[in-house]
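Okay, sequence plus prediction incoming.
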Amino acid sequence: MDWDVIVAGAGPAGISTAVALRRRGVKRVLVVDRAAFPRSKPCGGGLTGHTVEAMAALGLELSVPHFPSPRARVRFGDEVRTVELGRPVKVVRREEFDCSLVEQARALGIEVREKTALAGFTVEDGGVTTSVGRAHVLVGADGVGSLVRKRLQPREGRPIRLFRLEMAGTSDDAMLYDFTPMADGLRGYLWIFPVPGGRLNVGLMHYPGTALSGAELTTLLGRHLQSHGLRLDGSARGWPAWGYLPGATVSAPHLLLVGDAAGIDALTGEGIAVGMEQGLVAADTIAAALDRGDFRLAGYRRALRRATVGRELALDRWLAWLLYDQQGGSWRRWLSLVLHDERMLQLYAARVSGSLILADHKRELVAALFRHLFGAGSRRKLLPAS
């Protein structure tokens, strides 16, 4: 056997899996990626509290410039709510951040091969043979187009769509989540995040319940940036992403998924913290399999679902269904909950800053929903028409 583990994909999920395995004493780990680092990666770039905790658990450092944002602002038309974060979200450029993680992995003795794509693999008795060598376990951390994901989840629906670009501009220190485009058919939000160097990371997320073309989404992005005094003067890069499904297949004998390949947060589109936390769970599963010599990896889905990241993802998928996947104007009912229930804003702010696990506060969420059901009519009327 050439390797104990081959990880396809050197983004945060893949590097986290490799580093966690190294910390657990697994030395024969190979990471491959089709790109050369630094490479472009469309992303909002916000490192939430869960990201910071995962990096600490992995022994990784934030060694690149970042913009600490101490508050978030939620908007729909003229309705604006600002909420303070328990600790700032650190906004980075993914090109720099991902490259720094690769360098830190190499410093630990992990082999990372750039410009090396996983061209194919075959699962055989006792291991998996790939285009880059043989291993006991192949980890699919290679994003939405993952070959491992296509093997494990061959039937695909419509993905989440995200469009992003970086532009010159200034704002205050708040991260802006603007839901105003929902009145124009978007099922998601527009973001404007400050990044180092006096620039802005702007983009939008669209949930797949309603089909919109790339051209339509780009038009929405440009139109609604104008309301913030910004002009779309470059080409926004769009990319698909799969939302996490609690019941989906994420492992098979000798195969396992993490990161975008396993599914991102369907409510917010967050992928960095998700991938890094999944990497920690995956490493535990793989290390145990190596110790036992049993590579069925059958317990991974359950371990992932029970971990904080899995419980939070499952909850957010339900919340995304409420907010984004309702027909007609029902989305206004739930958006008014976000804008007009102070406790809901506080709970989610605490979750973003990493001081609270939202899935452990379901009783409070249910109470907020009941409060809202009795006041939804009057709250919904408070939302402007556009």
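On my side now, so go ahead. Numbering: from 1, shown residues only.

Residues in contact with the strand or helix carrying F163: which ones?
Taking DSSP states H and E as the definition, one finds F163 inside strand 160-168. With CB atoms under 8 Å, 6 or more residues apart in numbering as the test, strand 160-168 has contacts from 42-44, 93, 188, 195, 198-208, 212, 214, 217-218, 221, 230, 232-243, 264, 266, 269. C-beta: built from backbone N, CA, C; applies to glycine.

From those residues, which land in strands?
Secondary structure from DSSP state E places 188, 195, 199-206, 237-241 of the contacts of strand 160-168 in strands.

what about this structure, any weak spots by pLDDT?
The chain contains residues with pLDDT under 70 at 326-329, 374-386.

which residues in it form helices?
For the chain, helices defined by DSSP state H occupy the ranges 12-23, 49-58, 94-107, 147-152, 214-226, 272-292, 300-306, 308-324, 330-340, 342-353, 362-382.

and the nearest residue to T129 once chain neighbours are set aside, how far is that from R151?
If the residues on either side of it in the chain are set aside, T129 comes closest to T122, at 4.9 Å by CB to CB, 6 or more residues apart in numbering. Between T122 and R151 the distance is 10 Å, computed by CB to CB, to the nearest Å.

which of those two has more neighbours?
It is R151, of T122 and R151, that has more neighbours when counted by other CB atoms under 10 Å, with 16 against 10.

so that one touches L257, yeah?
No - checked against CB atoms under 8 Å, the pair R151 and L257 is beyond contact range at 9.7 Å.

what number of residues lie near A261?
Residues within reach of A261, counting by other CB under 10 Å, total 31.

Give me the spatial nearest neighbour of D325, chain neighbours excluded.
Spatial nearest neighbour of D325, chain neighbours left out: G209 (3.9 Å); criterion: CB to CB, 6+ apart.

who's in contact with that neighbour?
G209 makes contact with R187, Y324, D325, according to CB under 8 Å, 6+ apart.

which one of these has the most neighbours?
Using other CB under 10 Å as the neighbour test, the contacts of G209 are led by Y324, with 24 neighbours.

got the contact list for it?
R187, G188, Y207, G209, W331.

want to try CSV for the residues you listed, with distance to A8 as columns?
Below are these laid out as CSV (distance: CB to CB, whole Å):
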residue, distance to A8
R187, 31
G188, 29
Y207, 27
G209, 30
W331, 37
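
tell me the centre residue of the chain?
With distances taken as CA atoms, centre = their mean, the residue of the chain nearest its centroid is G271 (1.4 Å).

separation between that one and A368?
26 Å.

for G188, same thing?
Distance of G188 to A368, computed by CB to CB: 21 Å.

same thing with P38?
Distance of P38 to A368, given as CB to CB: 42 Å.

Now the terminal residues of stretch 146-165, how far apart.
24 Å (CA to CA, to the nearest Å).

Stretch 291-302 too?
One end of stretch 291-302 to the other measures 19 Å (CA to CA).

Contacts for stretch 303-319, please.
For stretch 303-319, the surrounding residues in contact (CB under 8 Å, 6+ apart) are 50, 243-246, 250, 262-263, 265-268, 273-274, 277-278, 281-282, 284-285, 351, 357-360, 362, 365.

Swap in 6 Å and give it another go.
Y244, P246, D265, A266, L267, V274, E277, Q278, V281, T285, I357, A359 (CB atoms under 6 Å, 6 or more residues apart in numbering).

Nearest to W3 among these?
Among the contacts of stretch 303-319, T285 lies closest to W3 (CB to CB), at 16.8 Å.

Kindly provide the distance from the residue lying closest to that closest one once chain neighbours are set aside to A283.
The shortest distance from T285 to any non-neighbouring residue, by CB to CB, 6+ apart, is to Y300 (4.6 Å). For Y300, the distance to A283 (CB to CB) stands at 11 Å.

for R305, same thing?
For R305 relative to A283 (CB to CB), the value is 17 Å.

Kindly report the same for G46.
Taken as CB to CB, the spacing of G46 relative to A283 amounts to 24 Å.

ditto for R306
16 Å.

So for these two, which residue has more residues nearby?
Applying other CB under 10 Å to R306 and A283 shows that A283 carries more neighbours, namely 25 against 12.

residues touching the more buried one, list them.
By CB under 6 Å, 6+ apart, the neighbours of A283 are T17, A20, L21.

Can you tell me which of these is nearest A117?
Nearest to A117 among those is T17, at 18.1 Å by CB to CB.

For the closest one, which residues are in contact?
Here T17 is in contact with V7, V139, V258, G279, A282, A283 (criterion: CB under 6 Å, 6+ apart).

cool, L339 as well?
E79, R81.

R39: neighbour count?
R39: 16 neighbours (other CB under 10 Å).

Once you drop chain neighbours, what's closest to it?
Spatial nearest neighbour of R39, excluding adjacent residues (CB to CB, 6+ apart): E95 at 6.6 Å.

burial measure for that neighbour, as a count.
Around E95 there are 17 residues (other CB under 10 Å).

Equivalent analysis for H228, please.
The number of residues packed near H228 is 17, by other CB under 10 Å.

Not counting its neighbours along the chain, what's nearest it?
Nearest residue to H228, sequence neighbours excluded (CB to CB, 6+ apart): I192, at 6.3 Å.

ok, now which ones touch the one you found?
Contacts of I192 (CB under 6 Å, 6+ apart): L176, L200, V202.

The same query, at a cut-off of 8 Å, please.
By CB under 8 Å, 6+ apart, the residues touching I192 are S171, M175, L176, D178, L200, N201, V202, L225, H228, L230.
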